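Asks: this one's sequence-less:
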């Protein structure tokens, strides 16, 4: 099955710093989604980004589907950005659909 | 409702006990998914419903796991004779057909088997 790898696994930043999280996937996919899992376990949809670039405030994401990777940029990080960031690729097979997740990047932003 | 609602939020079960976890998806969402998230890991797919039809149950770890969505809206994940390795967070997600506009997850049910 498709493999999804995220890097780095852990990231510690000082408030105000910028960061880039990477997601590589092993096969062509229908779509890709970035999530933030907050300390209470809620998965929040950040971007639905099959290709191209999108921006939402201090966050932006770029997916290059032909090269099988996606990047999540966080600028001017805040303590509330702490948590785990997951990318997930959407797979359609037969009559089924599902998301395949990476193992996540755990981000800690210190004041 | 506005989001995906799961209940209970926490469940402690004695080993061997049966449990039932509930998911209320976003109204009108055709697709419904269950995922299992072990501590420190990403969510892993369990099963997929399109309306009331269970089209994929390839991720269910054993025949002790059973899911249903009889009327195409609310879904229940049942685990029979719970084991310690079943301890995890169980997440439900819903989407419009074929993931258009992305997937919305519930807050999950944290199951602890003692």
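Replies: Received, thanks. Small disclaimer: the values here were computed from a predicted structure and weren't measured.
Asks: ok, which stretches of the chain are helices?
Replies: No chain was given, so I picked chain A. Ranges of helices in chain A, per DSSP state H: none exist.
Asks: Name the residues of it found near chain B, please.
Replies: Counting by CB under 8 Å from any CB of the partner chain, the residues of chain A close to chain B are A:30-31, A:33, A:35, A:40-43, A:45, A:48, A:86, A:88, A:90, A:92, A:94-104. From N, CA and C alone the C-beta is placed, and that goes for glycine too.
Asks: Could you rerun that using 7 Å?
Replies: Within chain A, the positions adjacent to chain B are A:31, A:33, A:41-43, A:45, A:48, A:86, A:90, A:92, A:95-99, A:101-104 by CB under 7 Å from any CB of the partner chain.
Asks: And the longest strand along chain A, what's buried?
Replies: Assignment by DSSP state E gives strand A:83-93 as the longest strand of chain A. Applying a neighbour-count criterion of 16 or more other CB atoms under 10 Å in any protein chain shown, one finds A:83-91 buried in strand A:83-93.
Asks: what's the following helix or strand after the lowest-mean-pLDDT helix or strand in chain B?
Replies: Ranked by mean pLDDT, DSSP states H and E, the weakest helix or strand in chain B is strand B:104-105, scoring a mean of 91. Next helix or strand after strand B:104-105 toward the C-terminus (DSSP states H and E): strand B:109-113.
Asks: could you say what helices and strands that following strand packs with?
Replies: Applying 3 or more CB pairs under 7 Å, 6 or more residues apart in numbering or on different chains; DSSP states H and E, we find strand B:109-113 packed against strand B:10-13, strand B:88-95.
Asks: what angle separates it from strand B:88-95?
Replies: 150 degrees (axes from the mean of the first three to the mean of the last three CA atoms, to 10 degrees).
Asks: how far is strand B:109-113 from where the chain is centred?
Replies: The chain centroid and the centroid of strand B:109-113 are separated by 12 Å, computed with CA atoms, centre = their mean, to the nearest Å.
Asks: Next, count neighbours for residue A:67.
Replies: 8 (other CB atoms under 10 Å in any protein chain shown).
Asks: related to what we said a few turns ago, any idea of the mean pLDDT in the longest strand of chain A?
Replies: For strand A:83-93, the mean pLDDT works out to 92.
Asks: Name every strand pairing with it and say which way it goes.
Replies: In the sheet, strand A:83-93 lines up against strand A:31-37 (antiparallel), strand A:96-101 (antiparallel), strand A:105-110 (antiparallel) (DSSP bridges).
Asks: Which residues of chain B lie near chain A?
Replies: So far as CB under 7 Å from any CB goes, chain B lies against chain A at B:31, B:33, B:41-43, B:45, B:48, B:55-56, B:89, B:91, B:98-99, B:101-105, B:107-108.
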